[in-house]
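Peer 1: for reference, the sequence and a predicted model appear below.
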Amino acid sequence: MHLFCVQHDIRWENKTATTRRLRDLLSGSRFDEGSLVIFPEMFSTGFSFNQSAVAEGTARTSEKFLRAVAMDRRVYVMGGVVAGGARSKPGNECVTFAPDGTEVARYRKLQPFAPGGEADNFAAGREPLLFRWHDCLVAPFICYDLRFPEIQRPAARAGAQLMTFIASWPDARLAHWVKLLQARAIENQCWVAGVNRIGHDPHLTYSGRSLIVNPMGEIVADAGDDECLIGAEIDLGSMETYRKDKPFLADIRSDYLPVRKIRIFPAKAKARARTK
């Protein structure tokens, strides 16, 4: 199974310009059928609280783009959008589409970035989730979630083999991003993919460093600070051998974890796709 991370510059609050640029970026790329292709947090607008510009609304422009890529390339596609909010605050979400265009899973960020005002503008999610990508159980997370390992631990206990972190992680704390991604891989003995953006917005600079990290904490693909795609083959066999040889997860103290039942979504969702 192959995983790809798309690291790109985002045209501020401009879905049309950003998705046009992404079509150009993807035009020369080849993906094996059934691969998982991941875009960053709020991939089409940048990390903005301007809901009139970033929210999907009825048009669902960003989701239609993700779904179209999934169907055209016959791959699974994950990316960050802002959705909901008809009667309450919208949510910063990560949505995944299957090659047939159905929605596989929709995760809402559990930890909005309160120091930057995100918690005042977007509603927090309620629980982590898992979805099936072929034989792999994937746990999606978003940006600031990375600083809270207690969120990922229940997912690991539920069988997560790959954790993904889509982000708009600023350059000023980029060293933390790299170290925390490696830590999440090491402590949960799983594959980790961190997908960040590059470029600038009116407030911050972003230097990328999208990474794919193996269960030993070793970086197997690094995007650096370029606009590019990186990829890696996800080897579940070696991961399971490592977990068997070093059964660290079996020693987790369940009395220190919240009792939480995590939903696991099938690879092909039964529900109808939300976009057409």
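Peer 2: Now that the structure is in, tell me what you want to look at.

Peer 1: all contacts plus neighbour counts: C-alpha atoms, from now on.
Peer 2: Will do.

Peer 1: hey, what's the residue nearest in space to the middle of the chain bridged with?
Peer 2: Nearest to the geometric centre of the chain sits Ile166, at 3.6 Å (CA atoms, centre = their mean). When bridges are called by DSSP bridges, Ile166 pairs up with Ile142, Val195.

Peer 1: and the top helix by length along the chain, C-alpha only, in CSV?
Peer 2: Ranked by number of residues, the top helix in the chain under DSSP state H is helix 174-188. Extracted in CSV, the C-alpha atoms of helix 174-188 (Å, rounded to 0.1, in the frame of the first residue of the first chain):
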residue,chain,number,x,y,z
LEU,A,174,8.7,23.5,13.1
ALA,A,175,11.2,21.7,15.3
HIS,A,176,8.3,20.7,17.6
TRP,A,177,6.4,19.3,14.6
VAL,A,178,9.2,17.0,13.5
LYS,A,179,9.9,15.7,17.0
LEU,A,180,6.2,15.2,18.0
LEU,A,181,5.5,13.2,14.8
GLN,A,182,8.4,10.9,15.6
ALA,A,183,7.2,10.6,19.2
ARG,A,184,3.7,9.6,18.2
ALA,A,185,5.1,6.9,15.9
ILE,A,186,7.5,5.6,18.6
GLU,A,187,5.0,5.6,21.5
ASN,A,188,2.2,4.0,19.5
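
Peer 1: can you spell out which helices and strands pack onto that helix?
Peer 2: If you count contacts as 3 or more CA pairs under 8 Å, 6 or more residues apart in numbering; DSSP states H and E, helix 174-188 packs onto helix 149-157, strand 191-195, strand 211-213.

Peer 1: for Ser210, which non-adjacent residue is spatially closest?
Peer 2: Spatial nearest neighbour of Ser210, excluding adjacent residues (CA to CA, 6 or more residues apart in numbering): Val195 at 4.6 Å.

Peer 1: same question, Phe141
Peer 2: Closest to Phe141 by CA to CA, 6+ apart is Phe165, at 4.8 Å.

Peer 1: that neighbour reaches Arg147, doesn't it?
Peer 2: No - between Phe165 and Arg147 there is no contact under CA atoms under 8 Å: 10.9 Å.

Peer 1: and the two? Which one has more around it.
Peer 2: Phe165 (26 against 15; other CA atoms under 10 Å).
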